[in-house]
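# Fold the following, please.
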Amino acid sequence: MSRIKLSTDRLTTGLYIKLPCSWSEHPFLFGSFKIQEQEQVKVLQSLQFKHVLFYPDKSDGLPLPANTEKAETENKEEQKSDYLNTLWIEKEQRIEEQQVYIRNLKKCENDFKQSLTIVRSINLKLEKQASSALEDAKELITDITNKLNHRKNPILHLMEEGKEGDKYHSHVFHVAILSMLLGKALALSQQELIYLGLGALFHDMGISKIPTQILYNNPNITQAEKNYLKLHVRYGLDKISHIADFPAPASEIIAQHHEHLDGSGYPQGLSDQQISLLTQIVTIADEYDTLCNPSDKHPARTPSHALSFLYKNRKEQLNTKVLGLLIKELGIYPPGSIVQLCNQKLALVMSVSKDNILQPNVLIYDPAIPKNNAPIISLSKLNLKIEKVILPWKLPENIQEYLNPRVRVNYYFEHAEER
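Below is the predicted model of the structure:
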């Protein structure tokens, strides 16, 4: 892409420019942008630099002719000064908003990591302290249910990846969170949400008896190995049969989470109303997480492509109402998606709320801004829109390193008190 060094006295609206200074030395939110109004031109001409970089291919017009005469009155100077002050105030406000956002995100990440530690402990207890493991699970899921019900529209954040070796724990916990979000959207009762969370948390517990060479060798395993893999459902049911007072609705989820509405699932080939609603919810959450975070050799799908795949290819097998709710909860650009905005900037979707499902919070790629200070903005506040999804592996290495698309996609919800 060509760029031209352009003196600031030739600036006009419609030009896409890049500023030749650090982010802290100018009042604009970004270091490169398209000039939208004449007041921006006046501010640019008042800054310490006399030249900018001009990008003809991204601009809507041409610069002013060289040596254009400019005569400004005192009144215009005052207007320029007022506009400049307004820009600095707005930038400072956005910086403060970002600091609040980051504090909330870090708290959310800490809660997520602590919960994941509990999930790990629960699974370690299952072999010899099964009853204690169940009580710990009930306490965890009840606490999450209370927090989830505390907010009308929880904000869903993208989480950092867990520890190495946490794939199983991340999977079942993520499925539990997604399932409970869907259960809340369906207005399930408190007790139903707890059963739903418990069933999701334990749905794959039989997988520990499956050899790793079968688990991680898909899609190259033989039919005999596929049949062996299907036994994890029975192994899971065998395990819970030794746990006193294991809730029947949660047990049903373990038994049915691979059944499909068209009868094509296993182990019993159940269909339609034979499959509990709680199971239908967990199955969709399980399918989504598996597409985004495969444990085998299948390539991972981006969050938006995973949603699209389920909607286009699995409508006969999955509950379409619940699937529609998943799209409604996550948006068509779920957290973890790399997107291109209407101003051509690239961004990582960080969080989403049903209040602004099409304009989530995103982390913007701007090489003029240090990665640690990369702006996280609400698209709705800047009236920006997403144009398309970008495949992470198609990004240049420097942009991948800056945006840091997650290898594993995990979500958790912000549950601070409503403001």
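
# where does residue 95 land on pLDDT?
Per-residue confidence (pLDDT) for residue 95: 86.

# Can you classify residue 87 as helix, strand or coil?
At residue 87 the chain is in helix, as set by DSSP: H, G, I helix; E, B strand; the rest coil.

# So what does the spatially closest residue to it that is not a sequence neighbour have for phi and psi?
Of all residues not flanking residue 87 in the chain, residue 27 sits nearest, at 3.8 Å (C-beta to C-beta, 6 or more residues apart in numbering). Just so you know, the C-beta spots here come from the backbone N, C-alpha and C atoms, and that holds for glycine as well. Here is the backbone geometry of residue 27 (degrees, to the nearest 10): phi -90, psi 0.

# got it, and residue 54?
According to degrees, to the nearest 10, residue 54 has phi -110, psi 130.

# hey, what's it bridged with?
residue 4, residue 17 (DSSP bridges).

# Confirm for me that it is in contact with residue 16.
Yes. Residue 54 lies in contact with residue 16 (C-beta atoms under 8 Å); the separation is 7.4 Å.

# And the strands in the stretch 1-150 of the chain, which stretches?
Shown for the stretch 1-150 of the chain, the strands assigned by DSSP state E, counting those that start in this stretch span residues 4-7, 16-18, 32-34, 51-54.

# ok, now which ones touch residue 179?
Contact analysis of residue 179 by C-beta atoms under 8 Å, 6 or more residues apart in numbering lists 196, 197, 199, 200, 281, 282, 285.

# Those residues into a markdown table, with extra columns for pLDDT and secondary structure?
Putting the contacts of residue 179 into a markdown table (pLDDT from 0 to 100; DSSP: H, G, I helix; E, B strand; the rest coil) gives the following:
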| residue | pLDDT | secondary structure |
| --- | --- | --- |
| 196 | 98 | helix |
| 197 | 98 | helix |
| 199 | 98 | helix |
| 200 | 98 | helix |
| 281 | 98 | helix |
| 282 | 98 | helix |
| 285 | 98 | helix |
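
# among the strands of the stretch 1-150 of the chain, which is nearest residue 302?
strand 32-34 (25.7 Å; C-beta to C-beta).

# centre of the chain versus that closest one, how much separation?
26 Å (C-alpha atoms, centre = their mean, to the nearest Å).

# Could you do stretch 134-150 as well?
With C-alpha atoms, centre = their mean, you get 22 Å for stretch 134-150.

# cool, stretch 298-310 as well?
13 Å.

# pLDDT weak spots in the chain?
1, 68-80, 162-165, 217-219, 296-297, 415-419 (pLDDT under 70).

# if we can go back for a sec, ok, which of the strands of the stretch 1-150 of the chain comes nearest residue 129?
Of the strands of the stretch 1-150 of the chain, nearest to residue 129 by C-beta to C-beta is strand 32-34, at 57.6 Å.

# in its sheet, what does the closest one sit against?
Sheet partners by DSSP bridges: for strand 32-34, these are strand 16-18 (antiparallel).
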